[in-house]
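S.K.: Got a predicted structure plus its sequence, pasted below:
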Amino acid sequence: MNKHWLWAGLLLPGLLLADDAEIRRAIEEGTRAYEAGEWSQAASQFDYAATLVRQLQAGQLGELFPAPLPGWQAEDADTQAASATLFGGGIHASRQYHKDNARLEMTIAKNSPLLQTMAMLFTNPSMATMSGYKVRRINGQSAMVKEEGDSKELMMLVANTTLVQLSGRGSELAMADLEAYAGALDVNALSAL
């Protein structure tokens with residue numbers, strides 16, 4: 001067994017930039033190992049290829065964050081792709097926005113097993129209201145919002161595969177800011193990814 005492939009498959013997501021040739025090579029190696037009856041090697045290669053695809057997907061997800069609204073600034077997006085064997089899979093990206101003393105973070109999670117749990121809140125509005133959320137429609141999507149002091153939160157489920165969360169605090173942060181950022185998302189691109 002090639003030790004380089006094993007280590008590459010175990011590297012933390014985001015440390016490795018995948019390209020098409022590398023993904024194809026992993027698939028070819030996995031196919032060769034499968035046909036040779038080398039089950040562990042085949043599984044390792046296919047897991048590696050799947051991780052590389054998730055990393056590409058996470059990188060694309062990071063490009064979908066809206067630009068800072070007027071008067072706001074933003075940090076670079078942070079993206080991660082979790083292996084199915086580590087955290088149940090899925091991709092995750094986040095971006096920080098700030099304006100004066102107002103701070104907010106937008107997080108996007110796609111294809112995560114945690115989405116099943118959150119989907120229950122979206123399909124059962126009475127459960128959401130019991131948890132202190134108010135239900136809204138933003139950009140044609142179901143959203144839930146909650147305010148506690150200067151802390152604000154907005155969650156939006158897109159195409160039942162993507163959870164968008166905005167959370168922030170600051171006396172100058174308004175729920176309208178979170179709703180504006182949620183409304184600026186390209187939900188069609190999120191659904192297609």
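M.R.: Good, I have the coordinates. Numbers count the residues shown, from 1 in each chain.
S.K.: for this structure, what spans make up the strands?
M.R.: Using DSSP state E, the strands of the chain run over 73-74, 78-81, 91-99, 102-110, 134-138, 141-148, 151-158, 162-169.
S.K.: Turn the ones you listed into TSV, columns for distance to A128, mean neighbour count and mean pLDDT.
M.R.: From N, CA and C alone the C-beta is placed, and that goes for glycine too. Listed next are the strands of the chain as TSV, based on distance: least, Cβ to Cβ, whole Å; neighbours: other Cβ atoms under 10 Å; pLDDT from 0 to 100:
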stretch	distance to A128	mean neighbour count	mean pLDDT
strand 73-74	29	14	90
strand 78-81	27	21	70
strand 91-99	22	20	88
strand 102-110	18	20	89
strand 134-138	6	14	87
strand 141-148	5	18	88
strand 151-158	9	21	90
strand 162-169	14	21	90
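S.K.: By mean pLDDT, flag the weakest helix or strand of this structure.
M.R.: helix 3-10 (a mean of 37; mean pLDDT, DSSP states H and E).
S.K.: re earlier: I'd like the strands of the chain laid out as JSON lines, including distance to A43.
M.R.: Shown next, in JSON lines, are those (distance: least, Cβ to Cβ, whole Å):
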{"stretch": "strand 73-74", "distance to A43": "40"}
{"stretch": "strand 78-81", "distance to A43": "18"}
{"stretch": "strand 91-99", "distance to A43": "21"}
{"stretch": "strand 102-110", "distance to A43": "24"}
{"stretch": "strand 134-138", "distance to A43": "42"}
{"stretch": "strand 141-148", "distance to A43": "37"}
{"stretch": "strand 151-158", "distance to A43": "32"}
{"stretch": "strand 162-169", "distance to A43": "28"}
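S.K.: so which of the ones you listed gets nearest R24?
M.R.: strand 78-81 (18.2 Å; Cβ to Cβ).
S.K.: what comes into contact with stretch 26-37?
M.R.: For stretch 26-37, the surrounding residues in contact (Cβ atoms under 8 Å, 6 or more residues apart in numbering) are 5, 39, 41-46, 48-49, 52.
S.K.: Double-check S131 against M120; I have them as touching.
M.R.: No - in this structure, S131 is not within contact of M120 by Cβ atoms under 8 Å, at 10.7 Å.
S.K.: Who are the contact partners of the residue lying closest to A159 once chain neighbours are set aside?
M.R.: In this structure, A159 finds its nearest non-sequential neighbour in S191, 4.0 Å apart by Cβ to Cβ, 6 or more residues apart in numbering. By Cβ under 8 Å, 6+ apart, the contact list for S191 reads 158-159, 161-162.
S.K.: can you put the residues you listed in TSV and add distance to P125?
M.R.: Output for the contacts of S191, formatted as TSV (distance: Cβ to Cβ, whole Å):
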residue	distance to P125
V158	17
A159	19
T161	20
T162	19
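S.K.: Can you pick out the most distant pair from those?
M.R.: Longest span within the contacts of S191, Cβ to Cβ: V158 and T161, 7.2 Å.
S.K.: Appreciated, that's everything.
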